[in-house]
Structure formats: C-alpha cells, structure tokens
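1. Build me a model:
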Amino acid sequence: MATITAKDVAALRAKTGIGMMECKKALVEADGDMEAAIKLLREKGELKAETKMATRIAADGIVDVLTEGDKTAIVEVNTETDFVAKNDMFKAFVKNLLKTIIANNPADVEALMASDYEGVTVEAKLKELIFQIGEKITVRRFAVVEGVTSTYIHGMGSIGVIVKFDTDCADNAEFAEFAKNIALQVGAYPTPYLDRTAVPADVVENEKNIIKAQLANDPKMAGKPEKVLEGIIMGKINKFYEGNCLVDMEYVKAEEHESVAKYVANTAKALGGSIKIASFVRFEKGEGIEKKQDDLAAEVAKLTGNA
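-> Model (predicted):
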C-alpha cells in the first residue's frame, strides 16, 4: 500500500478544491494514484450532485454576458445562496460557459449540457463543481444574439441585458453611448414587448374588456355617448402600450417628456443615419422561481423541543 503524505493530500485538494479528509480518503482508496483519486472524487461528486439536484431549490446565482466577434451570449446560472454566486470558481465556470455557448451555438439547455467544456461535457463539469462547492447549481437558460448589440449587467449579475440594433451608425462613437443608454433602460424598467406589433391580439382584447368593465361600473360614465367611451378606451390602451412596450415607454434620462422611440429617432437624425431597436433579451436571476421560505420561529421551537 502506498504511503499517503500530507503533501499528496494538499496537491489533490489544490487540483479539486475538495476538503482534506475527502482527498485523503480518495487517495487511500486509489492507493496513492492521483488521477485515479480524482476520478473517484468525480464519481462520488456525480452521486452527490444528483441528490442535491433533486431535493434543493436554487433561486439565487448570477446572470452574465459575453461578446465575441458579432455574437453575444447571455446565461443565467442558479445557486442556492448569493455566497456561492460570489465564488471565484463559480464565476469562472459561468464565464467559460458563455464561451462554450458562443463556440457551440447549442439549440437548448439540454444540448448545452452535452457540449464540450475543456475536454469534458458541461454536465460533467457542472456535477464536479456541485461536489466541490457543496450547493445545488443549475444552468437555467441562455440566449445568443448576432449583430450589433449593447449589453448591461446590473448588481453583480442580478440582471443581464442584450439589445440588438439594425443600424448603419455602429462605428460612430456617439452610437455606443446611445446603445448603452437603451440597455440601461431595458435593465431598469422591465417590459414584455418591444413595440405594439409584438403585443398579441388576445392580450390587447383582454385589456379592452377590462377597461370596458371598469367603465360600465363607473357611475360617472353612465349615459356617455359610445364615441366618447371608445375614445376613453383607446386612451387607456395607449397608456397600456406606454407601460408594456419598450419603444413607447418614456426615456428615463430625457430632460423633458420623450419616448424611447423619439430618443432613437433623434439620435439617428443627429448621427445622419438609421437606427432601429431590433430586439432585446432581459434575464433577471431567479425570476419566477419560488424560493424556500424559512420559518425561523418554527426551527428554533423544533431545536428546543417546543414544537
């Protein structure tokens, strides 16, 4: 049987980031073979990772973006706590994951998990990371945008934005500032639609029905001519567009009342070219994920035997 030294254990820990005791046990089991010990730890890590994946909720994490050439990728990777989201090993994984997305252009998360990541699959690397860090980690979603883009990351990765532009002004230095302002707008004011044409007809119809019901229940509207009521309805629908369509929103940095569409038009005129917001992607970490609610009083009662 090989002699396992403290130096051997430290070397394995440096390679894997796993605790000293686990490293020593793996080296003993592998009879001192470093590569065999790493394989054992990975195999055990996969089992541990599968258990965590099935039983825990990961609603924290990070959103990050990366541009290489004419491709820009955005990804959301979730963790259980914000502490892990700040871990350098985790952040490096996310950054390399973005490079993998751009290089492989996977169709969906399932295809991404099967993609190559430094000689192994993304799935294998993820399971290894879960074992090393000790928390559930999930790759939730990603998107790739090609063309002229501007990006924005807010709050150390709490929100990520990509805005795509159709323009002939991309080489103008002033365009970069304009594009960044639009990305900031998208980050600060979440909106589901780019413009009015993107709003589904049934959504508009449902909004009209709600407004009609409100008017029918308002005594002040009783006896109003149909034409007047239609005008009120259209006015409220326009307000709906202003609150739900990016180009109809008020531009947040305008000194006077000005829509985003007007800001785009004014900038294009000033630069002597054409600019159109083609699309945008906005990820907010953990949105839509039901977080676990800890009942501190119940936990204390349980620990003290008073539950």
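2. quick one: the residue of the chain positioned farthest from its centre from Ile232, how far?
-> Each residue of the chain has a distance to the centre, and by CA atoms, centre = their mean the biggest one is for Gly223: 50.1 Å. Distance, Gly223 to Ile232, by CB to CB, to the nearest Å: 14 Å. No exception for glycine: its C-beta is placed from N, CA and C like everyone else's.
3. again with Ala114
-> Separation of Ala114 from Ile232 (CB to CB): 55 Å.
4. do Ala59 as well
-> According to CB to CB, Ala59 and Ile232 sit 42 Å apart.
5. Got the phi and psi for Gly223?
-> For Gly223, the backbone dihedrals are phi 80, psi 0 (criterion: degrees, to the nearest 10).
6. Look at the residue farthest from the centre of the chain and report its pLDDT.
-> Looking at Gly223, its pLDDT reads 83.
7. just the one 3 residues further on next, same as before
-> Reading off the per-residue confidence, Glu226 sits at a pLDDT of 89.
8. if I pick the residue farthest from the centre of the chain, what's in contact with it?
-> If a contact means CB atoms under 8 Å, 6 or more residues apart in numbering, then Gly223 has no contacts.
9. List the residues that contact Ile232.
-> By CB under 8 Å, 6+ apart, the contact list for Ile232 reads Ile211, Leu215, Met221.
10. Is the first one part of a helix or strand, or is it coil?
-> Going by DSSP: H, G, I helix; E, B strand; the rest coil, the secondary structure assigned to Ile211 is helix.
11. right, and it touches Met234 too?
-> No. Applying CB atoms under 8 Å, one finds Ile211 not in contact with Met234, separated by 9.5 Å.
12. so Leu229 touches Met221, yeah?
-> Yes. Taking contacts as CB under 8 Å, Leu229 lies within contact range of Met221: 6.8 Å.
13. Need the residues touching each of these two.
-> In contact with both Leu229 and Met221: Leu215, using CB under 8 Å, 6+ apart.
14. burial measure for Lys125, as a count.
-> The burial count assigned to Lys125 is 20, neighbours taken as other CB atoms under 10 Å.
15. All the helices of the stretch 201-307 of the chain, residue numbers only.
-> Secondary structure of the stretch 201-307 of the chain (DSSP state H, counting those that start in this stretch): helices at 201-216, 226-244, 260-271, 296-303.
16. mind checking which of the ones you listed is nearest Met89?
-> Closest to Met89 of the helices of the stretch 201-307 of the chain is helix 296-303 (CB to CB; 30.0 Å).
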